[in-house]
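no FASTA, just this:
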């Protein structure tokens, strides 16, 4: 946490309390965020106003399934069918970080 000019404390996205993702949650990209493919970088990118986040292949694969219909457990299962090993806890931590930054939100049930 860093002190702000007013003397109050500000939390960073990585330390924002209360962000937990369960297997039954249905993540989706926030309205102001778009997933695209950068031909220059040859990688998926997350486009946010004034920010471009270059993703690795698995990050792009996770976010392609964040459509508000797939549950987190379903995302892990689908990725498990494509790859040898997909640690569900790593997928949940990845999504929790993006939720904390307000780039991903959880769809209503």
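The structure has been received and is ready for your questions. For clarity, every value in this text was computed on a predicted model and none was experimentally measured. Numbers count the residues shown, from 1 in each chain.

quick one, phi/psi of the residue nearest to residue 63 when sequence neighbours are not counted?
What sits nearest to residue 63 in space, not counting adjacent residues and going by CB to CB, 6 or more residues apart in numbering, is residue 35, at 5.1 Å. C-beta coordinates here come from the backbone N, C-alpha and C atoms, glycine included. As for residue 35, its main-chain torsions (degrees, to the nearest 10) stand at phi -100, psi 130.

Point out where the chain drops to low pLDDT.
1-18, 108-109 (pLDDT under 70).

pull the longest helix from it.
Determined from DSSP state H, the single longest helix within the chain is helix 88-100.

for it, the distance to its chain's centre please.
Helix 88-100 sits 6 Å away from the centroid of its parent chain (CA atoms, centre = their mean, to the nearest Å).

before we move on, what about stretch 30-42?
13 Å.

List the buried residues in that stretch.
33, 35 (16 or more other CB atoms under 10 Å).

Can you check the distance spanned by that stretch, start to finish?
Counting by CA to CA, to the nearest Å, you get 24 Å between the two ends of stretch 30-42.

about what we covered before: so what secondary structure elements neighbour the longest helix of the chain?
helix 57-64, helix 72-82, strand 104-106 (3 or more CB pairs under 8 Å, 6 or more residues apart in numbering; DSSP states H and E).
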